[in-house]
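Undergrad: heads up, no residue letters with this:
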């Protein structure tokens with residue numbers, strides 16, 4: 001059986017395409033993106049107005065009364081951050097004009113959904129606390145939870161009257177009239 005010159009050229013081109021296609025390499029799969037965690041400002045005043053940690057099933061998007069009911073006109077701004085490399089985020093809580101007769105904080109800080117076992121990988125942390133838009137405290141290497149072991153989640157503490165490490169770094173923060181924001185930066189190995 002004889003092929004015409006045109007058929008031979010088409011056959012040659014088709015064979016060349018097969019050879020080239022066989023030589024093409026498929027790129028290696030990319031490494032999975034780093035996981036992300038949530039972060040939120042949590043607090044409790046001396047008269048028990050509060051915002052729970054993110055692990056509490058009843059965490060609301062604002063400030064709560066001692067009874068657990070959210071106060072209308074209060075608002076939380078939460079953030080997410082990656083589980084590897086440098087991080088920086090700001091969380092806030094607005095509506096302190098609705099917090100009546102509070103004089104101090106039992107605790108104030110930033111809670112995360114990062115597992116407690118990650119605490120040893122978190123380095124060079126800095127917290128900048130602003131009350132009503134003005135910086136009132138900068139804490140380098142703040143106390144972190146879990147205090148011991150790996151149970152729970154990683155939390156960065158500004159004020160915590162039951163944590164001796166937090167007490168050494170920051171005894172108190174003045175009560176806000178409007179808002180509090182906390183910027184946390186550092187790196188995760």
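TA: Looks like it came in fine. Keep in mind it's a predicted model, so treat the numbers as computed, not measured.
Undergrad: center of the protein, which residue is that?
TA: Centrality entry for the chain: nearest residue to the mean C-alpha point is residue 39, 3.3 Å, by CA atoms, centre = their mean.
Undergrad: Which neighbouring residues are in contact with it, exactly?
TA: Neighbouring residues of residue 39 by CB atoms under 8 Å, 6 or more residues apart in numbering: 54, 78-81, 89, 91, 110-113, 184. Yep, even glycine has a C-beta here, placed from its N, CA and C like the rest.
Undergrad: what pairs with it across the strands?
TA: residue 79, residue 112 (DSSP bridges).
Undergrad: tell me which helix or strand of the chain sits lowest on mean pLDDT?
TA: helix 5-23 (a mean of 54; mean pLDDT, DSSP states H and E).
Undergrad: one step back: can you pull the pLDDT of the residue nearest to the centre of the chain?
TA: Here, the pLDDT recorded for residue 39 equals 96.
Undergrad: Same check on residue 61?
TA: At residue 61, pLDDT is 88.
Undergrad: which SS state does it fall under?
TA: Following DSSP: H, G, I helix; E, B strand; the rest coil, we place residue 61 in the coil state.
Undergrad: quick one: low-confidence ranges for this protein?
TA: Scanning the chain with the threshold set as pLDDT under 70 gives 1-33.
Undergrad: ranges for the strands of it?
TA: Using DSSP state E, the strands of the chain run over residues 36-45, 50-51, 75-77, 79-82, 85-94, 105-115, 122-131, 134-140, 144-145, 153-160, 179-188.
Undergrad: I am finished for the moment; much appreciated.
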